[in-house]
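K.L.:
what follows is a predicted protein model with its sequence.
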Amino acid sequence: MSEDRMKVLELLAAGSITPEQADELLAALEPEPAASTTPAFSRSPEASARRSSARMSKEVLHRLTAARIHGVDQEYIRDLQAEGITDLSLDDLVKLRIHGVSAKYIREMRDAGFGNLAADQLAQLAIHGVNPEFIRQMAEIGFVDLDVNDLKTMAIHGMNRDYVEQMAHLAADPVSAKER
């Protein structure tokens, strides 16, 4: 996300401008679309601009509304940026916020050995309940060097310490720490 777009969102979050003003500013920051060489029907340039702006206006308004509803504000954005999560779209920011990805979660995941995760990876791990405690428990029972997909798969299928330990005791061919 460009610095100019971020400033507009910060002004909106702070209540310094209205959603309509933010929409106008964001629309002004958009690159101009390439002119069509064969228009479907004749329309004045002014009418085309108004129609395009109105379409953009509703889309931007919906995104800004979602951000406001879910608590994406300048503090949240700055907290994520301080943890190295930058250049995110408004949709990405809303997705992270909805799924509980906070600066604290990012820090804890980094401390657990999972730094430099992309926004989608952070959201997926949070959605499936993968947190530093889950990672620690898996390491304690011998599962080390797991990647994001391994952790996500284990969490999705209910693989936890209790299950692995029960299976190790009950199976005819118990799972040893070496095999994990």
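P.N.:
Yep, it's here.

K.L.:
ok, residue 136 touching residue 114?
P.N.:
No - contact status for residue 136 versus residue 114: not in contact, 11.9 Å apart, counting by C-beta atoms under 8 Å. Backbone N, C-alpha and C define where each C-beta goes, glycine included.

K.L.:
between those two, who's got more neighbours?
P.N.:
Between residue 136 and residue 114, counted using other C-beta atoms under 10 Å, residue 114 has the larger neighbour count: 20 against 11.

K.L.:
sketch out the low-pLDDT regions of the chain for me.
P.N.:
In the predicted model of the chain, residues 1, 30-56, 172-180 satisfy pLDDT under 70.

K.L.:
switch the cut-off to 50
P.N.:
By pLDDT under 50, the low-scoring segments of the chain are 32-42, 177, 180.

K.L.:
all the strands of it, residue numbers only.
P.N.:
Here the chain has no strands by DSSP state E.

K.L.:
the nearest residue in space to residue 64 that is not next to it in sequence: how many residues sit nearby?
P.N.:
Leaving aside its sequence neighbours, residue 64 sits nearest to residue 19 (C-beta to C-beta, 6 or more residues apart in numbering; 5.3 Å). Using other C-beta under 10 Å, residue 19 is surrounded by 14 other residues.

K.L.:
quick check: residue 19 vs residue 157, distance?
P.N.:
Using C-beta to C-beta, to the nearest Å, residue 19 is found at 43 Å from residue 157.

K.L.:
can you pull out the helices in this protein?
P.N.:
Ranges of helices in the chain, per DSSP state H, are 3-13, 19-29, 45-69, 74-82, 90-98, 103-111, 119-127, 132-140, 148-156, 161-170.

K.L.:
now the first one against helix 74-82, angle please.
P.N.:
Between the direction of helix 3-13 and that of helix 74-82, the angle (axes from the mean of the first three to the mean of the last three C-alpha atoms, to 10 degrees) works out to 150 degrees.

K.L.:
so what touches helix 3-13?
P.N.:
If you take C-beta atoms under 8 Å, 6 or more residues apart in numbering as the criterion, helix 3-13 is touched by 1, 17-19, 21-22, 25-26, 29, 64, 67-68, 72-74, 77, 90.

K.L.:
give the buried residues for that helix.
P.N.:
For helix 3-13, a neighbour-count test (16 or more other C-beta atoms under 10 Å) marks 5, 6, 8, 9, 10, 11, 12, 13 as buried.

K.L.:
before we move on, what about the fifth one?
P.N.:
The neighbour-count criterion (16+ other C-beta under 10 Å) identifies 90, 92, 93, 94, 95, 96, 97, 98 as the buried residues of helix 90-98.

K.L.:
show me the contacts for the first one.
P.N.:
Just to be clear, that refers to residue 90. By C-beta under 8 Å, 6+ apart, the residues touching residue 90 are 1, 9, 63, 64, 66, 67, 72.
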